[in-house]
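1. Pasting a predicted model and its sequence here:
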Amino acid sequence: MAFRWSPTAAFLVILAYQLESVVGRTKLCQEYTPTVEGGRCTPTKERCDFKLVVAPALTMTTPDGTAIYLSTTAHTAHRSDTNQQLSDEELRKVILADGYQPARLVTVVNGTMPGPCIAFYKGQVVTVEVVNGMNSEGLTIHWHGIDMQDNSYMDGVAFISQCPIQSGQSFVYNFTSYHPGTYWYHSHIGAQHSMGILGPLIVREKDDSNPAYDERTLVLQEWNHDFSSERMELGVYHRNGSTLQWLKQSKTETYDGTFFSAFQFHSGLINGRGRFFENGALNIRTPLEVIEVEEGRTYRFRVIAAGAIYPYRLAVEGHGLSMEATDGHDFKAISVESFIIHPGERYDFTLTTDQTPKDYMIFAETLENMPKKHKAEAILRYKSGRPGVVPNATPQRSCQGNCSVFNCPFKIMPGAVCTLLSTARPHVSAPKAPQGPPGEIKQIFLNFGFPGPRSDASVNGIRFEKPLLPAILHPNAIPNACPAHCGEAGQLCDCAHKVKLERGKIHQIILVNMGQGQNFSHPIHIHGYSFYVVKMGFPDYLDTGKIRRANVDIRCPDNPDPDINYCNKATWANDSWNQDPNIIPGLTLNHAIRKDTIILPSGGYVIVRLKADNPGMWFVHCHIEKHNLGGMALMFDATDGQGPPPKGFPTCDSFRLKAGSTTGISSTLRATSPLTVLLLIVAFIGFLLC
């Protein structure tokens, strides 16, 4: 009989992986790669095999199931059964989060949060066996930023590139990457990723055995004690003081006057650790992540925004940052005090340890325009300095007055000078954006918003429904495909929305955030491609930084009444731009940076270019989890030229009893007279009474 994974078996495997995973959580991707079959993943290996076991776990609990508590007077943790203090090594085996009790149920990879780093080298064949040790949920793992060239069946999106991995089952992903950089992996079903199913993924150069800098990796995420994004999508309420009244969670405002979705934020985490500010009071008992460095050296930091909703402004107390790369693509260095990173994005920066040896705070604040920011924190510790007590006060910035901030989603930010992403330039050797005559370029407008009376998350007025079967296997026979009228002016639809990409053709895609459903900035992720960002258009702002009006380059012809103009059929206001995509002013075709996740400003637009040379069915969506769950997504159908699925590739579909067909019991009853059925029932009751 074939072996089947059970939750118990998964738990035992997690225990076996525990020590290796803990080492990985400490160092994440520097000087560490997880154990692989046949040894460590070295540059000389042609193939590296990894194994990830996804299973439930509890925070604030040791691997043997004992609850821990934090000391009220020191940064120490103790077992609840013996009061024995945990060593640093033992504490590394505990999912601390922000130290809040009671323990929260999470779903994690190999027993840690974030999961272990997967690191390999350019051109290597990589296999990752993913085991679903959950009791009642399906699972897929997406390799965020890996383009899966000619390999779309491995992209890891439920009902688009594969069927979910069922409880107790496993799926072996097989892929190769030729683009060194910072990536990450996460679940791509529902709100599982914010429940803890995520981890860093690093692709290195083959000759990276003696890198220019030592590296450190920071995984940034929000934390909530009670609810997942799926729960919050339905509504979050909290008690009004000691009364019996319940109040709905309110939205918070950002600097341009738009509002974030309602989210109950308890704390921010860096590498799985943070502090909880309960009723404004600071809980300093929880040990933060400590990043150790040596004086007089330069380090490369890889930052992964694995959160569900908020953009963060990240800085290091007393140190300037040199921005070097985004989403796996290097660019010419830009010196700043801080930078903004949105869900799904990755940024690399270098930092020189030239300050007085001591502890400094690494801090990331949300872009909420409020006196007391939500934030995530870690400690930068000089080895030659004396470890200090985690400070209570707000960390000191490395600049006075208007600090330089990179990657703002708006042009004006109080107390800061915004350096826009569009000012970044690739190195001279980097490839240029695809170019061609107007007839070889197809323009596609996609408006991301919340139009209509229900304010449904949508793209061009279409709320995305998951296909009823994997779209990649049946691209032209999706049962819930969109009818012809969907996406027309003033129309709202719910269906499996897809847009056709023409094989080999250049596509100029205009991402828009306008119309009646305009909302705060969206981080848009396109699977299967690293696209070229050739222009960003921002709205017109007041001196305060609030939006005065949307960018006038875009025409929304749906309806002259702005209250009911959904902007489903956006075009260029200048008709000549609709005819010739190359004459749009400000295109940076010869020096465009590449990304796979781009921030779309409220009231503005972003123009990206790609050549449809990677066959597959590719998901396109907002990486704010609530927006994605609500339907702000679509598929790029580039299946022309796609190869067949791997042999034995799983299939799945909804079951419906076809007209005229019968089940065994129904056919038996059909052939039995009503009198006979009645006699059988009476006889059965009599048997029970005997």
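-> Nice, I can see it.

2. what sits against P650?
-> Residues near P650 by CB atoms under 8 Å, 6 or more residues apart in numbering: 162-163, 171. For every residue, glycine as well, the C-beta is placed using N, CA and C.

3. rerun that using 10 Å as the cut-off
-> By CB atoms under 10 Å, 6 or more residues apart in numbering, the residues touching P650 are 162-166, 169, 171, 470, 473.

4. what residue ranges in this structure score low on pLDDT?
-> Within the chain, the segments meeting pLDDT under 70 span 1-39, 74, 208-210, 227-250, 278-284, 387-394, 662-680, 682-684, 686-690.

5. returning to what we had before: pull the most distant pair out of the contacts of P650.
-> Q169 and L473 (18.1 Å; CB to CB).

6. just to revisit the earlier point, among the contacts of P650, which ones are in helices?
-> Using DSSP state H, no member of these falls in helices.

7. Quick one: those as JSON lines, columns for neighbour count and distance to V126 too.
-> Below are the contacts of P650 laid out as JSON lines (neighbours: other CB atoms under 10 Å; distance: CB to CB, whole Å):
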{"residue": "Q162", "neighbour count": "26", "distance to V126": "17"}
{"residue": "C163", "neighbour count": "19", "distance to V126": "21"}
{"residue": "P164", "neighbour count": "19", "distance to V126": "22"}
{"residue": "I165", "neighbour count": "23", "distance to V126": "18"}
{"residue": "Q166", "neighbour count": "17", "distance to V126": "23"}
{"residue": "Q169", "neighbour count": "16", "distance to V126": "20"}
{"residue": "F171", "neighbour count": "21", "distance to V126": "14"}
{"residue": "P470", "neighbour count": "26", "distance to V126": "22"}
{"residue": "L473", "neighbour count": "23", "distance to V126": "23"}
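
8. And the helices in the stretch 551-690 of the chain, which stretches?
-> 575-579, 625-630, 664-670, 674-689 (DSSP state H, counting those that start in this stretch).

9. and what of the stretch 1-150 of the chain?
-> So, for the stretch 1-150 of the chain - with DSSP H, counting those that start in this stretch - the helices run 7-27, 88-91.

10. First-to-last residue distance for stretch 457-472?
-> From its first residue to its last, stretch 457-472 covers 24 Å (CA to CA, to the nearest Å).

11. Kindly apply the preceding question to stretch 540-552 instead.
-> Note: stretch 540-552 ends 9 Å apart using CA to CA.

12. repeat for stretch 588-600
-> 17 Å.

13. do the same with stretch 514-534
-> End-to-end distance of stretch 514-534 (CA to CA): 19 Å.

14. Equivalent analysis for stretch 343-355, please.
-> Terminal residues of stretch 343-355 are spaced 31 Å apart (CA to CA).

15. Show me what counts as buried in that stretch.
-> Of all the residues in stretch 343-355, those buried under the rule 16 or more other CB atoms under 10 Å are 343-351, 353, 355.

16. Show me how far that stretch is from its chain's centre.
-> Here stretch 343-355 is found 19 Å from its chain centre; the criterion is CA atoms, centre = their mean, to the nearest Å.

17. cool, stretch 363-372 as well?
-> Centre-to-centre, stretch 363-372 and its host chain are 20 Å apart (CA atoms, centre = their mean).

18. With stretch 81-94 instead?
-> 31 Å.

19. which helices and strands does the strand ranked longest in the chain pack with?
-> In the chain, taking DSSP state E as the definition, the longest strand is strand 47-58. Counting contacts by 3 or more CB pairs under 10 Å, 6 or more residues apart in numbering; DSSP states H and E, strand 47-58 packs against helix 7-27, strand 105-109, strand 118-121, strand 125-132, strand 170-176.

20. switch the cut-off to 8 Å
-> helix 7-27, strand 105-109, strand 125-132 (3 or more CB pairs under 8 Å, 6 or more residues apart in numbering; DSSP states H and E).

21. How many neighbouring residues does S576 have?
-> 9 (other CB atoms under 10 Å).

22. quick one, what contacts it?
-> By CB under 8 Å, 6+ apart, the neighbours of S576 are I583.

23. For it, give its distance to N582.
-> 11 Å (CB to CB, to the nearest Å).

24. just E324 next, same as before
-> Using CB to CB, E324 is found at 31 Å from N582.

25. sorry, back to before: now the longest strand of the chain against strand 170-176, angle please.
-> 140 degrees (axes from the mean of the first three to the mean of the last three CA atoms, to 10 degrees).

26. Give the buried residues for strand 47-58.
-> Residues of strand 47-58 classed as buried by neighbour count (16+ other CB under 10 Å): 48-58.

27. Return it as PDB; C-alpha atoms alone will do.
-> Output in PDB follows, covering the C-alpha atoms of strand 47-58 (Å, rounded to 0.1, in the frame of the first residue of the first chain):
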ATOM      1  CA  ARG A  47      20.800  19.700  -9.300                       C
ATOM      2  CA  CYS A  48      19.700  20.600  -5.800                       C
ATOM      3  CA  ASP A  49      16.700  18.900  -4.000                       C
ATOM      4  CA  PHE A  50      14.800  20.500  -1.200                       C
ATOM      5  CA  LYS A  51      11.900  19.400   1.000                       C
ATOM      6  CA  LEU A  52       9.300  21.700   2.600                       C
ATOM      7  CA  VAL A  53       6.700  20.300   5.100                       C
ATOM      8  CA  VAL A  54       3.800  22.700   5.700                       C
ATOM      9  CA  ALA A  55       1.900  22.000   8.900                       C
ATOM     10  CA  PRO A  56       0.100  23.700  11.800                       C
ATOM     11  CA  ALA A  57       2.000  25.000  14.800                       C
ATOM     12  CA  LEU A  58       1.500  27.200  17.800                       C
END
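
28. So in that sheet, which strands flank it, and in what orientation?
-> Strand pairing for strand 47-58, using DSSP bridges, gives strand 105-109 (antiparallel), strand 125-132 (parallel).

29. for those strands, which one sits closest to R386?
-> Ranking these by their distance to R386 (criterion: CB to CB) puts strand 105-109 first, at 34.3 Å.

30. so who does G490 touch?
-> 461, 558-559, 564, 566, 568.

31. Now render those as JSON lines, adding neighbour count and distance to T217.
-> Shown next, in JSON lines, are those (neighbours: other CB under 10 Å; distance: CB to CB, whole Å):
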{"residue": "G461", "neighbour count": "27", "distance to T217": "40"}
{"residue": "D558", "neighbour count": "23", "distance to T217": "45"}
{"residue": "N559", "neighbour count": "15", "distance to T217": "48"}
{"residue": "I564", "neighbour count": "14", "distance to T217": "47"}
{"residue": "Y566", "neighbour count": "27", "distance to T217": "41"}
{"residue": "N568", "neighbour count": "27", "distance to T217": "41"}
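
32. which among those residues gets closest to K658?
-> When the contacts of G490 are compared against K658 (criterion: CB to CB), the nearest one is G461, at 33.5 Å.

33. what separates the closest residue to that closest one other than its chain neighbours from R204, distance-wise?
-> Nearest residue to G461, sequence neighbours excluded (CB to CB, 6 or more residues apart in numbering): N568, at 4.1 Å. Relative to R204, N568 is positioned 44 Å away (CB to CB).

34. Leaving out sequence neighbours, find the closest residue to the one residue sitting closest to the centre of the chain.
-> Geometric centre of the chain, nearest residue: G344, 4.1 Å, by CA atoms, centre = their mean. Among residues not flanking G344 along the chain, H623 sits closest, at 3.5 Å (CB to CB, 6+ apart).

35. how about the one you found, phi and psi?
-> Main-chain dihedrals, H623, degrees, to the nearest 10: phi -90, psi 10.

36. So which residues of the stretch 101-250 of the chain form strands?
-> 105-109, 118-121, 125-132, 141-144, 170-176, 181-187, 198-204, 214-223, 237-239, 246-248 (DSSP state E, counting those that start in this stretch).
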